[in-house]
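Novice: model this:
(2 chains)
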Amino acid sequence: MIGVGKIKQYTNVLDKPLSKGKQEVSLSAFAFLFSELVQYNQTQVDNIAELERRLEDAGYAVGARVLELLCHREKGNRRETRLLGILSFVHSTVWKVLFGKALEIGFGGTLVKKVLMEVSDRFQDMKDGLLPDAWDLGEPTMVDLWSCLVLRSAVQGSRIESLAALQQMNLFPLEQIKPNCSPVADSLEKGTEHEDEYMISEKELLVNRFISILKDMGTFNCGAFVAGIVRGVLDSAGFPAVVTAHFVPVEGQLRPRTTILIKFAEEVDTASFMSDMSLGLNALLHLNLHAKGTTERSKIRMMFTQVSCSLSLVSMFELVPSDLVSISSETNASLFIYRNASDVAYILVCVDDIVNTGNHNSYDIEHISQSAYHVVGCLIKDVGQLHDFLGVGVN
Amino acid sequence: FEETKAQHSPFTSMAPVAPRSGDVIFASVERVNAELFTLTYGAIVRQLITDLEEVEEVNKQLDQMGYNIGIRLIDEFLAKSNVSRCVDFKETAEVIAKVGFKMFLGVTASVTNWDAEGTCCSLILEDNPLVDFVELPETCQGLYYCNILSGVVRGALEMVSMKTEVTWLRDMLRGDDAFELQVKLLKQVPEEYPYKDDE
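Specialist: Okay, the predicted model is just below:
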């Protein structure tokens, strides 16, 4: 290969082995580079909006490449098809690789409120402890919503009639079902009216650490670069969105927090996100009810604890397989399997269809399905025997 | 020679502190993922190519950006590394290669090809975080992708009174086996004070 005409001495860049991604450069090198990027763009534009747009475009290209790199390296070429999955990917994997830490993702406060209303409607005694008005719903996090949804599942699905009964179920301490109250600016409250808006919030973006914005630049935020990265990742993954970065002043802090606001385009299905989560949770919940013996119960409780500690709901669907519940498919997060010595039941959730099958002898699949339906809140017809599914014939 | 030149940095004027090696400094500074750095640099180069279209213009702009970085980078370098004044240009080059590159880019360079007078040398970089994942397309064959580095070196040295010319001899993106940066000392510029002692 060496010295043969114009052939490059190193092989094609695509043949080079991919690095593990552990190499580092100093923060100052990056900060200098970023400042040059901003300064160069300042010379090319007339106004702030265009400057932000250019920074965003630069970030977009980075985002598209980051998605490819991380999908290949970290996720074994698995493509996210669910909103929940891609959001988790962005706020944990992408953020961890690029900026060194995983974050909390928040979303429309109205969503949490809605769930809580439904829950508290059921019980008078719950109303005292859990009414939304009692707290200041600042930036509810994934854990909060998750907790609320589990509670709702527990309440609606199992027909629990009182708080005491719920506590007896001993799933997790009820104290956990309270949002963390963090002060949030008025400007952001408006942003949380819509259910298709999600926020990634960070105390200070890495790119903004050494940048101070002139007063006459108004609301300009170099975080537009990071917003562009997020938009690039989401767009390339098939979830078109409009992503912007905002400063959110916080009382008591000199530098404002930065929030990345993600607003998905109309074609992205944000509704299925909630029902998927609910169904999965509920299935787990009811397996707990049917669990025979304390060891099974404690296994499920451990799973719930694991889940409540983890901010990434996708990992919930990939719980440590046990002989009780396992996710058999690496690519499909909606297959639930219940298995014990003599029974096996499979529940496949697919957007708005549920397919269940298994050895029905002593395990009541009907009950699970019924309970699951309650959570989704709509009547689901039992269409009987399955003849075909997604274009595949079944017999 | 020594008396007329002023101290470069107020931090090194007190009791002599041993210079820290590149590895030690790199371990003590805050670091970010090199891939973010690589991809950001790629975005910059792409923006320049789209805006300027002429490869030569892009090279010049990259060099200018590097120069802007270099004139500020030198302060941080001197503050963090505690190097004492370099006796000659040979030492300067060694310090750049071993300490400078290491503490900012996390890679060390080697210094070779000294000429007879000791004013011209080559810095060889085997590993370059700027060029991970990069391949030059046919339309940009004249591009010196890493030209920002030459600007950084030039700018930094200018701030410590050395006027240099920095050019690329070998470029891995163009098919060579390493990156070779030639640094030629043009002249030492005595430091100018903004005021005169006795006008």
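Novice: low pLDDT regions in chain B?
Specialist: Applying pLDDT under 70 to chain B flags residues B:1-19, B:196-199.
Novice: just the stretch 101-250 of chain A next, same as before
Specialist: A:102-196.
Novice: contact partners for the closest residue to chain B within it?
Specialist: Closest approach between the stretch 101-250 of chain A and chain B, counting by Cβ to the nearest Cβ: A:Leu206, at 6.7 Å. Any C-beta I mention is one placed from the backbone N, CA and C, and that applies to glycine too. For A:Leu206, the contacting residues are A:Leu27, A:Phe30, A:Leu98, A:Phe99, A:Gly100, A:Val226, B:Val32, by Cβ atoms under 8 Å, 6 or more residues apart in numbering or on different chains.
Novice: please apply the same query to A:Val97.
Specialist: Contact analysis of A:Val97 by Cβ under 8 Å, 6+ apart lists A:Gly21, A:Val66, A:Leu70, A:Glu74, B:Asn33, B:Glu35.
Novice: buried subset of these, written for ChimeraX?
Specialist: Applying 16 or more other Cβ atoms under 10 Å in any protein chain shown to those, the buried members can be selected in ChimeraX as follows:
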select /A:66,70 /B:33,35
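Novice: now the contacts of A:Val97 in CSV, with secondary structure and distance to B:Lys90?
Specialist: Output for those, formatted as CSV (DSSP: H, G, I helix; E, B strand; the rest coil; distance: Cβ to Cβ, whole Å):
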residue, secondary structure, distance to B:Lys90
A:Gly21, coil, 37
A:Val66, helix, 42
A:Leu70, helix, 44
A:Glu74, coil, 45
B:Asn33, strand, 35
B:Glu35, helix, 35
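Novice: give the other helices and strands that the lengthiest helix in chain B contacts.
Specialist: Determined from DSSP state H, the single longest helix within chain B is helix B:55-81. Helix B:55-81 sits against helix A:27-44, helix B:22-28, helix B:34-52, helix B:101-105, helix B:147-159, with contacts defined as 3 or more Cβ pairs under 8 Å, 6 or more residues apart in numbering or on different chains; DSSP states H and E.
Novice: rerun that using 7 Å as the cut-off
Specialist: Packing contacts for helix B:55-81, counted by 3 or more Cβ pairs under 7 Å, 6 or more residues apart in numbering or on different chains; DSSP states H and E, involve helix A:27-44, helix B:34-52, helix B:147-159.
Novice: which parts of that helix are buried?
Specialist: Buried residues in helix B:55-81, defined by neighbour count with 16+ other Cβ under 10 Å: B:55, B:58-74, B:76-78, B:80-81.
Novice: before we move on, what about stretch B:156-166?
Specialist: For stretch B:156-166, a neighbour-count test (16+ other Cβ under 10 Å) marks B:Ala156, B:Leu157, B:Glu158, B:Met159, B:Val160, B:Met162, B:Thr164, B:Val166 as buried.
Novice: could you do stretch A:69-88 as well?
Specialist: Applying a neighbour-count criterion of 16+ other Cβ under 10 Å, one finds A:Leu69, A:Leu70, A:Cys71, A:Arg73, A:Glu80, A:Arg82, A:Leu83, A:Leu84, A:Gly85, A:Ile86, A:Leu87, A:Ser88 buried in stretch A:69-88.
Novice: pull the contacting residues for the fifth one.
Specialist: Which is A:Glu80. A:Glu80 makes contacts with A:Ile86, A:Phe89, A:Ala237, as judged by Cβ atoms under 7 Å, 6 or more residues apart in numbering or on different chains.
Novice: before we move on, what about the fourth one?
Specialist: A:Arg73 makes contact with A:Leu18, A:Gly21, according to Cβ under 7 Å, 6+ apart.
Novice: ramachandran angles for it?
Specialist: Per-residue torsions, A:Arg73: phi -80, psi -50 (degrees, to the nearest 10).
Novice: thinking again about what came up before, would TSV of the contacts of A:Val97 with distance to B:Val134 be doable?
Specialist: As requested, the contacts of A:Val97 are exported to TSV (distance: Cβ to Cβ, whole Å):
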residue	distance to B:Val134
A:Gly21	16
A:Val66	15
A:Leu70	18
A:Glu74	21
B:Asn33	17
B:Glu35	12
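Novice: spell out which parts of chain A neighbour chain B.
Specialist: Applying Cβ under 7 Å from any Cβ of the partner chain, we find that chain A lies next to chain B at A:8-10, A:13, A:19, A:21, A:23-30, A:32-34, A:36-37, A:40, A:44, A:58, A:61-62, A:65-66, A:69, A:97-98, A:100, A:206.
Novice: who touches stretch A:243-255?
Specialist: Residues beyond stretch A:243-255 that count as contacts (Cβ under 7 Å, 6+ apart) turn out to be A:183-185, A:188, A:204, A:219, A:221, A:223-224, A:226-227, A:230-231, A:256-262.
Novice: can you get me the start-to-end distance on it?
Specialist: 22 Å (Cα to Cα, to the nearest Å).
Novice: just stretch B:49-63 next, same as before
Specialist: One end of stretch B:49-63 sits 14 Å from the other (Cα to Cα).
Novice: buried stuff in stretch A:90-102?
Specialist: In stretch A:90-102, counting by 16+ other Cβ under 10 Å, buried: A:Val90, A:His91, A:Ser92, A:Thr93, A:Val94, A:Trp95, A:Val97, A:Leu98, A:Phe99, A:Ala102.
Novice: try stretch A:220-238
Specialist: Buried residues in stretch A:220-238, defined by neighbour count with 16+ other Cβ under 10 Å: A:220-237.
Novice: repeat that for stretch B:89-108.
Specialist: Within stretch B:89-108, the residues that count as buried by 16+ other Cβ under 10 Å are B:89, B:92-108.
Novice: quick one: that stretch to chain centroid distance?
Specialist: Stretch B:89-108 sits 8 Å away from the centroid of its parent chain (Cα atoms, centre = their mean, to the nearest Å).
Novice: quick one: contacts for B:Ser81?
Specialist: Contacts for B:Ser81 (Cβ under 7 Å, 6+ apart) come out as B:Pro19, B:Arg20, B:Ile25, B:Val99, B:Met103.
Novice: run the last query once more with 10 Å
Specialist: Taking Cβ atoms under 10 Å, 6 or more residues apart in numbering or on different chains, we find B:Ser81 in contact with B:Thr12, B:Pro19, B:Arg20, B:Ser21, B:Gly22, B:Val24, B:Ile25, B:Val95, B:Val99, B:Gly100, B:Lys102, B:Met103.
Novice: sorry, back to before: out of the buried residues of stretch A:69-88, which one has the lowest pLDDT?
Specialist: Minimum pLDDT across the buried residues of stretch A:69-88 is recorded for A:Leu84, with 64.
Novice: quick one: which two of the contacts of B:Ser81 are the most distant?
Specialist: Using Cβ to Cβ, the two most remote members of these are B:Thr12 and B:Lys102, lying 19.1 Å apart.
Novice: returning to what we had before: most tightly packed of the helices and strands packed on helix B:55-81?
Specialist: Among the helices and strands packed on helix B:55-81, helix B:147-159 has the highest mean neighbour count (mean count of other Cβ atoms under 10 Å in any protein chain shown), at a mean of 23.
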